[in-house]
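Peer 1: what follows is a predicted structure for the sequence shown.
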Amino acid sequence: MIVKAILISLVAAYGRLEQGWFGQQMIARPIWLSTLVGLALGDVQQGVIIGGTLELIWAGVVQVGATPTEVVTGSVVATSLAIYNNLTVAEAVAIAIPVGLLATLMNTLNSTICIALWSPLTNKAVEKGDTRAIWWLGIAGCATHAAMFFIVAFFAFVAGSAAVQSVIDAIPEVLRTGLSNASRILPAIGIAVLLKFSFDVKYVGFLILGFMLPTFLGFKSISVAIAGLTAALIYFYLSPSEEEVD
Amino acid sequence: MSERIELTNKELNSVFLRSYQALGCYTYDKQQGIPYMRALIPALEKLYPNEEDFLEALKRHNTMFNTTCAFVPFCLGISTAMEEEYANDETGEMDPETIGAVKIALMGPLAGIGDSFFWGTFRLIACGVGAPLAAEGKIIGVILYLLLNLIPSTLTRWYGFKLGYEGGRQFLHKIQADGTLSKLTEASKVLAMVVIGGMIPLIVKFPLSLTLEMGGGTLVLQDVLDGIMPNLLPLILSLIVFKYVNKGVDVNKLIFILLGLGILLTVIGIM
């Protein structure tokens, strides 16, 4: 059982690495991950069938009640439960719901590690020009995330779904909301750093314009960019060139 | 006149391969910024043999970036071409800020287009074709699903990178020759400013949950603030953080202050 638990947990970790290290090519999905789980448990055929079914469930084509919120761990654990314990797909999906919830909590935990650890360390490495450290830091966030997914899948497979739920209940609600609220104000730092590089008081009107478009007119990022392009074209064609000024 | 430093396939291939780790370290402050900088390093090391210039280039790219993964190579191609031009620019005409401005200008529209193609279109077609076959137990369904996602993604990445790099080079040569470089630099900053201004309400969220009981009625603090101006707090916060970043306060300190602020405001029930 332990060997099988390790193998399916490796599939869960791979699912996360596909997004972070292998270009997020949209294949960290039930149809592919469940096939790999089937391979790990020695029943590829069953893995393919469950993978196809789960893919349709997540796409909303097939309804089975609630589905786990996190697709990688949710599908890996649901598939392994279905194959290992001979459950129907609908039963396995229902059991995997707390697993998806725990994985979502891991997303928050890992994002906290990324902002509190990897980002500050990167800033230090940039100051020193330590390219070796940057090489590692640039892939570190996904590595810690994949390790967490490994643990979640392993724990769920070995200890069962009830144990997963008790872990979730043990995490204080206020910490969860606190971290998620912090995540919503932290992008202000990214904006401030961008502004530091490009701020010039003569362009301040364009900054205000950009702020107003989503605030008062409901623009989204693509329409803001088109408005920006328009402003840039007006500026380009109507401002006098250097020769004309001289 | 010093020798022109040309990038070879060796550096270009390294940049391209590193584009695959675009989500290797997603952070709230820089999003894909750290992996983007990491991907450019092979090119920057070759272009700036002088330690000081290299550090400056590194700092220039230690900023926020975010777009659909399949379009990251295209953006990297353009950044690489621009860095190559800047490193070899002897007239002093090219402003390094343009390199960042172009990055900022590209990421929003490309994310909009890319997400609808790769999340919305190719993935759904692949799912529609592959999943029913797989559900019947046919392994060809899985293979079709993989191919229908991997082929468009791989082609977009590879040709996007080539187009970004070679197209970027030709464009830069052209505008340098016809003298519109400095005006385009200014125009690109205008575009960047509009996009950054728009990011404030789009990515910074600062909703308050506090309500006060006042003489029989309840006062929702967020409604009061929205009455003054929507997105007032994201604007104020961004400007305060900018003020400190501009003063040279360590960004790492600001990260911990904001992290603590978010948790503190939640604990005392304001947020």
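Peer 2: Received the coordinates, thanks. Residues are numbered from 1 along each chain as shown, chains lettered A, B, ... in the order given.
Peer 1: surely residue B:237 and residue A:187 touch.
Peer 2: No. Residue B:237 lies out of contact with residue A:187 (C-beta atoms under 8 Å); the separation is 9.8 Å. C-beta here means a position set from N, CA and C on the backbone, and glycine is covered the same way.
Peer 1: okay, and for chain B, where does confidence drop off?
Peer 2: B:1-2 (pLDDT under 70).
Peer 1: which stretches of it form helices?
Peer 2: B:9-18, B:33-47, B:51-61, B:72-87, B:97-114, B:123-135, B:139-162, B:168-177, B:181-203, B:221-228, B:232-247, B:251-267 (DSSP state H).
Peer 1: in CSV: these, plus mean neighbour count and distance to residue A:85.
Peer 2: Formatted as CSV, the helices of chain B follow (neighbours: other C-beta atoms under 10 Å in any protein chain shown; distance: least, C-beta to C-beta, whole Å):
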stretch, mean neighbour count, distance to residue A:85
helix B:9-18, 17, 41
helix B:33-47, 25, 39
helix B:51-61, 17, 50
helix B:72-87, 25, 41
helix B:97-114, 21, 40
helix B:123-135, 21, 20
helix B:139-162, 18, 23
helix B:168-177, 15, 55
helix B:181-203, 24, 43
helix B:221-228, 12, 48
helix B:232-247, 18, 48
helix B:251-267, 17, 40
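Peer 1: reformat these as JSON lines; add distance to chain A.
Peer 2: Listed next are those as JSON lines, based on distance: least, C-beta to the nearest C-beta, whole Å:
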{"stretch": "helix B:9-18", "distance to chain A": "8"}
{"stretch": "helix B:33-47", "distance to chain A": "3"}
{"stretch": "helix B:51-61", "distance to chain A": "5"}
{"stretch": "helix B:72-87", "distance to chain A": "8"}
{"stretch": "helix B:97-114", "distance to chain A": "3"}
{"stretch": "helix B:123-135", "distance to chain A": "3"}
{"stretch": "helix B:139-162", "distance to chain A": "4"}
{"stretch": "helix B:168-177", "distance to chain A": "11"}
{"stretch": "helix B:181-203", "distance to chain A": "2"}
{"stretch": "helix B:221-228", "distance to chain A": "10"}
{"stretch": "helix B:232-247", "distance to chain A": "4"}
{"stretch": "helix B:251-267", "distance to chain A": "3"}
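Peer 1: reformat those as a markdown table; add distance to residue A:4.
Peer 2: Below are those laid out as a markdown table (distance: least, C-beta to C-beta, whole Å):
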| stretch | distance to residue A:4 |
| --- | --- |
| helix B:9-18 | 34 |
| helix B:33-47 | 33 |
| helix B:51-61 | 44 |
| helix B:72-87 | 36 |
| helix B:97-114 | 38 |
| helix B:123-135 | 22 |
| helix B:139-162 | 21 |
| helix B:168-177 | 50 |
| helix B:181-203 | 42 |
| helix B:221-228 | 51 |
| helix B:232-247 | 48 |
| helix B:251-267 | 39 |
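Peer 1: the residue nearest to residue A:49 when sequence neighbours are not counted: how many residues sit nearby?
Peer 2: Of all residues not flanking residue A:49 in the chain, residue B:137 sits nearest, at 4.7 Å (C-beta to C-beta, 6 or more residues apart in numbering or on different chains). By other C-beta atoms under 10 Å in any protein chain shown, the residues close to residue B:137 number 15.
Peer 1: point to the residue nearest the middle of chain B.
Peer 2: residue B:65 (1.7 Å; C-alpha atoms, centre = their mean).
Peer 1: thank you, goodbye.
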